[in-house]
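1. This is a predicted model, with the sequence first.
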Amino acid sequence: MIKKINSEQDSFLLQTDNTAYAFTIEPSGHPEHLYYGSKIDADALDELFALHQKREFEPGNVIVYSEEHNTTSLEDICLECSGEGHGDVREPFIVLVRADGSRTTDFRYKSYEITDLKPEFDSLPGSYSKDGKVEHLCLTLEEDGMILEVHYYVYPECDVITRSAKLINNSQEEIQLERLLSAQLDLPDHGWAVTAFHGAWAREMDKSTVIPDRGKYIIESRTGCSSNRANPFFMLHRPDTSEDIGAVYGFNLIYSGNHYACAQVSAFFKTRVVQGVNPAGFRCILEPGETFEAPEAVMTYSDYGFSGQSRNMHRFVKEHILRGEWGNKERPVLLNSWEASYFNISESNLVSLAKAGRDLGIELFVMDDGWFGDRNDDFRALGDWDCNPKKLPGGLSRLSKKVTDLGIGFGLWVEPEMVNVNSRLYEAHPDWAMAIPNKLHSEGRHQRILDLSNPEVSDWMIEKMSEVFSSGNITYVKWDMNRIFSDVYSPYLPPKRQGETAHRYMLGLYKVMKALTERFPHILFEGCASGGCRFDLGILCYFPQIWGSDNTDAVCRSHIQEGYSYGYPQCCIGAHVSACPNHQTLRSTPIETRFNIAAFGALGYELNANDMTSDDKEQTRLQITLYKVWRDVLQFGDFYRIRTGENHHQWIAVSEDKSRAVGLFMQELVQPDLQSHRFICKGLDPDRTYRFHNISGKVNIKLFGSLINTMTPIHVRQDGILHNMIARFVKMGGEVEDYTAKGSVLMGAGVALRQQFSGNGYNESVRLFPDFASRMYFIEAVE
Ligand code: GLA
């Protein structure tokens, strides 16, 4: 709900179910931020007066705004959007240079408008509501004919408020916009911690916490994409905030390019948080009549710790970001060809792989890289999107028919934004690739970036991809993007507009994504950028899932997916089971754990299903069957982290009606002589009775190694013929956990699990839980 509080001073109160956000227009015309936190109410300005910063005399050594407002020092008040030049020496929200070279800005209040409409996006993606109605406040500020609109959108049930801004140059002069951010939150105190998610290829979403006690802490990407170096999602919280208790603000940006966020503690111990398009390398020319739109930033607040924050964000993403046919539909279990065969593909080996996948229960087969042009390695052919006739003599149409005739769907990999110099496309259109004329161009993965700021290129991409997506029975597309930007320069734009290139690239990309997702509404698109180099809300507005990381090692994945879980729901995280030793780490983990971790995402497989052992095949068949039964909870259930961090991961996903839940317990390294573990549930109904159980698996006797000799009358040589024979025919049962208890018990005390194997005895009630072991627990309400 948005309330305008009428008085001499216009004030605004934005309320969600559990939070509130308030600001007032100062007599000087500056919107002063008053409050953001748990819900408050007020009907008159007097009631908000308690929140006002009291000011009689300015602090020492500051700039006084004006003689008329001689107690206003812009450096020491909380503001909604600040410029530079009049004394606010903190991070500005907007920076521009006028024709005369001056840079001071002073946007002041002109008017406001409250509506319940949020237009569907045209150029930039944004949040939406299914009924088209979103509470909306537009604050209009003005300076010398330049209009700055600040838009607030309120999503009450998710406790989310989003913000975006638009600059309209209605003045008579050309201006150079150097920054226009999206969010600014000024808090009156300091001591807040920032938790952000940095990383690299195969090491995405590595959580770290910093308390910026003085000065600034910056989270940014200069890679041209939202990047694995720093995800745009981050949190601000009290240092003692835990998973369930304590104040947390969550921030994200609906944007896939260079982003910037800063938490700054000012000279007066106020904290300012800003977020938006990265000003580094950005300069946008606005001629009279031109406008610039900043992307939408997302803010949430919760008193219920990191988990509370996450559930707000998850709900927001599921209800107001993901859209289209696949937005909230259960995702199929897929098998991807990449780690099975890399570039070495042919129609016959693909069909045989698809068949082996189908026999395991897979619902969709995906042909990855290598199918087009003379793409036999990553040095060539990006851009040449016609089937390689030697590998696929019958083209996409025959291959897709053969696969779909098996009763499963067919999808493929593309990387349309890129070109290899060694390609027919580059030969025909060298000026379509970004490069600075007559300068060395540095490449990543031997490829260059097509200049999507050029409409000729974006139009070609739409048509070429439409041709590819129509040339067979294609129901899934993996859209990849495998290099970060360097030598950013658009051969299409004039020199003075080169500072717009990176942003215009994003607008071009969004135009292409919008056109293709509208033309092919039945296709499930999955975003990818060397794994998670572009995992953000901008992509998710078009593509409902993103490949979380090229790293499929279950141990690494437990950290990476836990990282994503702070800001993104499970349904949008692509997660695959792959072969062991793992191709990124050479680590071997049990098939049970590889499945258990991947199952807390959009499950897929990426291995040669023909080469699997019969034991692994049997387990996989059972696992996929189980996944299909619990998929709605695993992909869309409310997600709680129970234990996180170094050695143990415990998670639980709970259905919306709290009748079903799936828990995960994973251990990285076993600690000897520690036999008892508990699984403490979260999110259940305390008054309902539940059955808590596992699916007891078969134990391969080889797990015990030479310990087998303690049980056999004759000596068995480890890994010898006899050992393998016994392992083939003798299967021991795993531990059974099966309890019935009230939700209050399962959440209060939790379940004391079966004793962990500790080298001092074994029977079938002992939980064999070596390094990298894990279990899933199923919890069902019993009526
Ligand atoms: C990237 C992707 C992989 C795979 C390869 C193909 O690395 O992240 O999943 O598709 O490209 O070249």
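-> Great, that's in hand.

2. Please count neighbours and contacts with C-alpha atoms only from this point.
-> Fine.

3. what secondary structure does residue 628 sit in?
-> Here residue 628 is recorded as helix under DSSP: H, G, I helix; E, B strand; the rest coil.

4. Check the offset of stretch 418-429 from the chain's centre.
-> If you compare the mean C-alpha spot of stretch 418-429 with that of the full chain, they lie 32 Å apart, counting by C-alpha atoms, centre = their mean, to the nearest Å.

5. Going by neighbour count, list what's buried in that stretch.
-> When neighbours are counted by 16 or more other C-alpha atoms under 10 Å, the buried residues of stretch 418-429 are found to be 418, 419, 420, 421, 422, 423, 424, 425, 426.

6. That one spans what distance, first to last residue?
-> Using C-alpha to C-alpha, to the nearest Å, the end-to-end distance of stretch 418-429 comes out at 13 Å.

7. Show me what it is in contact with.
-> Stretch 418-429 is touched from outside by 379-384, 432-433, 446-450, 481, with contacts defined as C-alpha atoms under 8 Å, 6 or more residues apart in numbering.

8. give me that answer again for 7 Å
-> 379, 380, 381, 382, 383, 384, 446, 447, 448, 449, 450 (C-alpha atoms under 7 Å, 6 or more residues apart in numbering).

9. Help me confirm that residue 358 is found in a helix?
-> Yes: when classified by three-state DSSP, residue 358 is found to be part of a helix.

10. list the contacts for it?
-> residue 408.

11. same thing with residue 548?
-> Contact criterion C-alpha under 7 Å, 6+ apart gives 531, 532, 573, 574, 575 as the residues in contact with residue 548.

12. which of the residues you listed come close to the ligand?
-> When the contacts of residue 548 are filtered against the ligand using C-alpha under 6 Å from any ligand atom, the residues retained are residue 531.

13. picking that back up, out of the contacts of stretch 418-429, which sit inside strands?
-> Where the contacts of stretch 418-429 overlap with strands, as defined by DSSP state E, the overlap consists of 448, 449.

14. which two in the contacts of stretch 418-429 are spaced the farthest apart?
-> Of all pairs drawn from the contacts of stretch 418-429, the widest gap by C-alpha to C-alpha lies between 379 and 450 and measures 16.0 Å.

15. Which one of the two is surrounded by more residues?
-> residue 450 (26 against 15; other C-alpha atoms under 10 Å).

16. residues in the protein within reach of the ligand, list them.
-> 338, 368, 369, 482, 528, 529, 530, 531, 550.

17. tell me, how many neighbours does the first one end up with?
-> Residue 338: 20 surrounding residues under other C-alpha under 10 Å.

18. Ok, the second one next?
-> Residues contacting residue 368 under the criterion other C-alpha under 10 Å number 23.

19. give me every residue that touches it.
-> 336, 337, 338, 412, 413.

20. 8 Å - rerun?
-> With contact taken as C-alpha under 8 Å, 6+ apart, residue 368 is in contact with 336, 337, 338, 342, 412, 413, 414, 478.

21. For those, please prepare JSON lines with the additional fields secondary structure and pLDDT.
-> Putting those into JSON lines (DSSP: H, G, I helix; E, B strand; the rest coil; pLDDT from 0 to 100) gives the following:
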{"residue": "336", "secondary structure": "strand", "pLDDT": "98"}
{"residue": "337", "secondary structure": "coil", "pLDDT": "98"}
{"residue": "338", "secondary structure": "helix", "pLDDT": "98"}
{"residue": "342", "secondary structure": "coil", "pLDDT": "97"}
{"residue": "412", "secondary structure": "strand", "pLDDT": "98"}
{"residue": "413", "secondary structure": "strand", "pLDDT": "98"}
{"residue": "414", "secondary structure": "strand", "pLDDT": "98"}
{"residue": "478", "secondary structure": "strand", "pLDDT": "98"}
